[in-house]
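Trainee: Sequence and predicted structure are below.
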Amino acid sequence: MNEDELRMLLGRVEAPPSRVDLAMVLREGQRVARRRRYAVPGVAALTVLALVAVPATIGALRLRSHGSAGPRPSATPTGSTTPGVGAGCPYTLLPVPAGLTEARAEAVDPAGRYIAGWALSKAGAITGLLWTDGRPQVLAGSTIGAINEHGVAVGIDRSGPFRYRDGQVTRLHLPAGYTARGPLAINAAGDIITTASKYGGASQHGMIWPAGSDTARFLPTPLSAEVDGIDDDGTMVGLFNEPKGRWPVVWDKAGNMRRLETPGPKVFGLAFSVRDGWAAGRLTGPDPARPTSEKSWAAVWDVRTGKLVFKLSEADTATHVNSAGWFTAVRSAYDNHGQPVPLAAPAGYTVDASAITETNLVVGDWYVGGSSKPTTVIRPVTWQC
């Protein structure tokens, strides 16, 4: 089940009242659809954040050129900081505390100092991880979904949304009766956004916690909209639901909405990430090879013009984008010409790329197995491209 399917299911089925959406916990633990098995966290709330002293080991279709695109880099850099097989951006394994397995790196701040992810405990519960300058910290019973360059992180656990900074957890409060239904995102100023719905209601609302506040306010976005990403200037991206479809959209901080381009009236989409005039996300529509089936494509837009820049047939989701227009799309990084930039991995391993920094540091993981075979090895990794 991919993320869109999960959202659609949640939209159709009513659940009993709860302070937090279980699907939200999964999305914060694994922010985008991965096509491999999910682990469900235990019921423990985030009560202790223990510092673990572990030494750090350290075919696209181009539709439009972006005006700020820089020189085209090599698509196949070589070398590795750790012995491995195959060419690609050199990698560094992130250390994992003893007793944890299947660790993943899911989010990174724009400067690359803070990396967030999660792992499984011996009991099979999700345990959040936060690497600072390569050193891991364990966040019991929770996961971080996003983090800014000041080390302010946001996430969700069984007790609801939270903000984490300097070892301190602050609970983020929603209006009475509302439940978080979308991932949390944060910008450099510390503004935090999410999407929330009221139990028994048919609509959902964008919410914002202004920097330093623990009380959410309603965003001036329309009902049935979902906000997923926020830039430093307050620009937000997400999707807008209406009877005719689900459209990728962008809002300015005053709430003025514009649709992002989709290639045809039956192709829908959503935008996950926004950075300095670029947005990354997904398109979904009829499969040209099988008209009765649906297909998804990774997508990147020019936010200033609303134009679709890249539509990738080899990837179904663009997960993250930086200010130069480089982006991650599950199995690879891509430069601002839409060309894949391979990520080095040992023979037999599959790469999962989650996010990218301003210096083209890619975070993610590699694994053996998944899909039709059991996942046997998962390691959190960074690649310097």
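Mentor: On my side now, so go ahead. Residues are numbered from 1 along each chain as shown.

Trainee: how about low-confidence regions in this protein?
Mentor: Applying pLDDT under 70 to the chain flags residues 1-87, 141, 200-202, 370-376.

Trainee: Show me where it has its helices.
Mentor: Ranges of helices in the chain, per DSSP state H, are 3-12, 22-29.

Trainee: all strands for the stretch 251-385 of the chain, in order.
Mentor: Taking DSSP state E, counting those that start in this stretch as the test, the strands found in the stretch 251-385 of the chain are 257-259, 268-275, 278-287, 290-302, 308-312, 320-321, 327-328, 333-334, 340-341, 350-356, 361-370, 373-384.

Trainee: quick one: which of those strands is nearest residue 204?
Mentor: Taking C-beta to C-beta, strand 268-275 is the member of the strands of the stretch 251-385 of the chain nearest to residue 204, at 13.4 Å. (C-beta placed from N, C-alpha, C; glycine too.)

Trainee: That closest one to strand 290-302, inter-axis angle?
Mentor: 20 degrees (axes from the mean of the first three to the mean of the last three C-alpha atoms, to 10 degrees).

Trainee: Residue 90 against residue 381, yeah?
Mentor: No: applying C-beta atoms under 8 Å, one finds residue 90 not in contact with residue 381, separated by 10.5 Å.

Trainee: Those two - which one has more neighbours?
Mentor: Between residue 90 and residue 381, counted using other C-beta atoms under 10 Å, the more crowded position is residue 381 (26 against 18).

Trainee: in the sheet, who's paired with that one?
Mentor: Applying DSSP bridges to residue 381 gives these bridge partners: residue 93, residue 364.

Trainee: any idea how far it lies from residue 301?
Mentor: 28 Å (C-beta to C-beta, to the nearest Å).

Trainee: Could you do residue 327 as well?
Mentor: Here the criterion is C-beta to C-beta. By it, residue 327 lies 11 Å from residue 301.

Trainee: From what I see, residue 379 and residue 368 are in contact.
Mentor: No: using C-beta under 8 Å, residue 379 makes no contact with residue 368, being 9.6 Å away.

Trainee: more neighbours, these two?
Mentor: Using other C-beta under 10 Å, the more surrounded residue of residue 379 and residue 368 is residue 379, with 20 against 15.

Trainee: check contacts around the more buried one.
Mentor: Counting by C-beta atoms under 8 Å, 6 or more residues apart in numbering, residue 379 touches 93, 94, 96, 103, 365, 366, 367.

Trainee: Output the residues you listed in CSV; the columns should cover distance to residue 193 and neighbour count.
Mentor: Converted to CSV, the contacts of residue 379 look like this (distance: C-beta to C-beta, whole Å; neighbours: other C-beta atoms under 10 Å):
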residue, distance to residue 193, neighbour count
93, 33, 17
94, 27, 24
96, 30, 22
103, 27, 21
365, 26, 25
366, 31, 24
367, 31, 20
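
Trainee: partner residues bridging the residue lying closest to residue 177 once chain neighbours are set aside?
Mentor: Nearest residue to residue 177, sequence neighbours excluded (C-beta to C-beta, 6 or more residues apart in numbering): residue 198, at 4.9 Å. Judged by DSSP bridges, the bridge partners of residue 198 are residue 178.

Trainee: Residue 198: what's it in contact with?
Mentor: Neighbours of residue 198 in contact, by C-beta under 8 Å, 6+ apart: 177, 178, 179.

Trainee: Out of the residues you listed, which end up buried?
Mentor: Buried subset of the contacts of residue 198 (neighbour count, 16 or more other C-beta atoms under 10 Å): 178, 179.

Trainee: Relative to residue 130, which of the contacts of residue 198 is nearest.
Mentor: Nearest to residue 130 out of the contacts of residue 198 is residue 179 (C-beta to C-beta; 25.0 Å).

Trainee: So that closest one versus residue 160, what's the distance?
Mentor: Taking C-beta to C-beta as the measure, residue 179 falls 8 Å from residue 160.

Trainee: for residue 350, same thing?
Mentor: Counting by C-beta to C-beta - residue 350 and residue 160 are separated by 34 Å.

Trainee: pretty sure residue 367 contacts residue 350?
Mentor: Yes: counting by C-beta under 8 Å, residue 350 is a contact partner of residue 367 at 5.7 Å.

Trainee: That's all I had, so thanks and see you.
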